[in-house]
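Novice: Sequence and predicted structure below; questions after.
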Amino acid sequence: MKINAQRLSQHFTQMSLIGKIGETGTCRPAHSPEEKQAFELAASWMQAAGMQTHIDNFGNLIGRLDGSKPELPVLMLGSHLDSQPYGGRFDGVAGVLCAIEAITTLVENGIKPERSIEIVSFADEEGWRFKKGLFGSKGILGMLEEGDLQRADKDGITREQALISFGCDPTKLKESEYAANSIYCFLELHIEQGPVLDWGNKPIGIVTGIAGPLWLTVKLKGMAGHTGSVPMPLRKDALLGAAKVIVGLNDIVTQVPGAPTVGTVATIDVFPASRNIIAEEVVFTLDLRDIDLERRNNYEKQVRDLISATAEQHQLTYEISVDTMSEPRYCAPWIKDIIRGECETLGVDAPELMSGPFHDALALSYACDYGMIFIRCKDGISHNPLEFSSDEDLALGTEILYGTVLKVLDKQ
Ligand SMILES: [Zn+2]
């Protein structure tokens, strides 16, 4: 291996001490003193590799290694160092620390690229503090929305106030934006956060794309009545209708064996929620994801038809509202090819898989080509102190990332 696996492992250990909860947990909220401390530690490693570092006005940590032709669009790598409130040691951290190790190796090998390289730890990827994620990565691309700075956390602190306490100047966000075409491509290494690689006993995965979710809210309305007296054929039971739709959704998304489609109903509100009143109104959320947009659209139609047919059968009325409709964002084939080539060189059999969760790369995909490397995580557990990826897998992923960086730099 060209990268220094021991140094990489030490960096993970040191980083895990910041915002540590329990034995293996992490709590590093966005724009918090803990995140600042994590930035200082990561910046010290970037500086040791000869990178210049600064924190921009979105609260992103940026390390830059100037190339001999700094006017060329930059090669950007990164992920995030903020964590869930009850999170693990690897989500986001892997993408920053493995990138630092890859670039440190490049510098130690005396490679002087023409293209400048930047490593970014994006601010507030997780999104729980202000209930909206990808703040830093959307920010640098000018993709923030009205009111984003006024969103408040549970203590009433707004994003704007949090940024000011972090040392940022929210009146100068424009100065921290990247001009169009100033980023050549973006590489993100991330733990899978799902069980596919671990079940398949594969250390590394090549990401095909990030499946944008379709989020619907479905409301079914029937008629309340006494559960002891209204005969079955005369009922308008909204919860029974919802149950059929939930089961039907599961059938729809599992039509094609082995396909990555996922469909979930995870919240349900019942009115009036009394054990002896037939449910009059049921509202539930529906989450449908697929990397194949045509299939997702087809399944959406099947779900809508099912809701309509179920409503008719049980004499219900219904409303469907669309909360989010994101399109899948595909990794650049040329970057996937490079990653696959690096895996083959190292004798790693890396399957392709889609990312169900979103990552900073989703925002970057609107500005440049991107590629992602997934690292196996034990039992697919993430957003949990039990989250675990082995030193060996992380080192292997970093070696592949390093080789990918070299090939991307060679490509002009
Ligand atoms: Zn993450």
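Specialist: Here it is on my side, so go on. Numbering: from 1, shown residues only.

Novice: so which residue of the stretch 151-300 of the chain comes closest to the ion?
Specialist: Closest to the ion within the stretch 151-300 of the chain is His190: 5.8 Å, counting by C-beta to the ion. Heads up, the C-betas are built off the backbone N, CA and C, glycines and all.

Novice: Do me a favour and get the end-to-end distance for stretch 207-227?
Specialist: Using C-alpha to C-alpha, to the nearest Å, one end of stretch 207-227 lies 51 Å from the other.

Novice: Show me the helices in the stretch 251-400 of the chain, by range?
Specialist: Ranges of helices in the stretch 251-400 of the chain, per DSSP state H, counting those that start in this stretch, are 293-313, 333-345, 360-364, 391-410.

Novice: circling back to that earlier point, check the secondary structure at the residue of the stretch 151-300 of the chain closest to the ion for me.
Specialist: strand (DSSP: H, G, I helix; E, B strand; the rest coil).

Novice: residues in the stretch 51-200 of the chain within reach of the ion, list them.
Specialist: Asp91, Gly92 (C-beta under 5 Å from the ion).

Novice: would you list every one of the helices in the stretch 51-200 of the chain?
Specialist: Under DSSP H, counting those that start in this stretch, the stretch 51-200 of the chain gives helices at 93-108, 135-139, 159-165, 196-200.

Novice: buried sites along the first one?
Specialist: Yep, that's helix 93-108 we're talking about. Across helix 93-108, burial judged by 16 or more other C-beta atoms under 10 Å covers 93-107.

Novice: Please apply the same query to the last one.
Specialist: Along helix 196-200, the positions that meet the burial threshold by neighbour count (16+ other C-beta under 10 Å) are Val196, Leu197, Asp198.

Novice: Rounded mean pLDDT for that helix, please.
Specialist: Helix 196-200 shows a mean pLDDT of 97.

Novice: Likewise for stretch 137-157?
Specialist: Taken as a whole, stretch 137-157 has an average pLDDT of 96.

Novice: just how off-centre is it within its chain?
Specialist: Put simply, stretch 137-157 sits 17 Å off its chain's centre (C-alpha atoms, centre = their mean, to the nearest Å).

Novice: residues of it that come out buried?
Specialist: In terms of neighbour count (16+ other C-beta under 10 Å), stretch 137-157 has its buried residues at Ser137, Lys138, Gly139, Ile140, Leu141, Leu144, Asp148, Leu149, Arg151, Asp153.

Novice: Report the two of those residues separated the most.
Specialist: Leu141 and Asp153 (23.6 Å; C-beta to C-beta).

Novice: Out of the helices of the stretch 251-400 of the chain, which one sits most buried?
Specialist: With neighbours taken as mean count of other C-beta atoms under 10 Å, those reach their highest mean count in helix 360-364, at a mean of 27.

Novice: Report all helices and strands that it contacts.
Specialist: Other elements packing on helix 360-364 under the criterion 3 or more C-beta pairs under 8 Å, 6 or more residues apart in numbering; DSSP states H and E are strand 74-79, helix 135-139, strand 183-191, strand 369-375.

Novice: does His11 really touch Ala99, like I thought?
Specialist: No: applying C-beta atoms under 8 Å, one finds His11 not in contact with Ala99, separated by 11.2 Å.

Novice: Now for these two: what residues contact both?
Specialist: Residues touching both His11 and Ala99 (C-beta atoms under 8 Å, 6 or more residues apart in numbering): there are none.

Novice: re earlier: so which of the helices of the stretch 51-200 of the chain is nearest Ile62?
Specialist: Of all the helices of the stretch 51-200 of the chain, the one in closest proximity to Ile62, counting by C-beta to C-beta, is helix 135-139 (9.7 Å).

Novice: how about low-confidence regions in the protein?
Specialist: The chain contains residues with pLDDT under 70 at 412.

Novice: and Phe186, what is it in contact with?
Specialist: Met76, Leu77, Gly78, Ala361, Leu364, Ser365, Ala367, Cys368, Asp369, Tyr370, Gly371.
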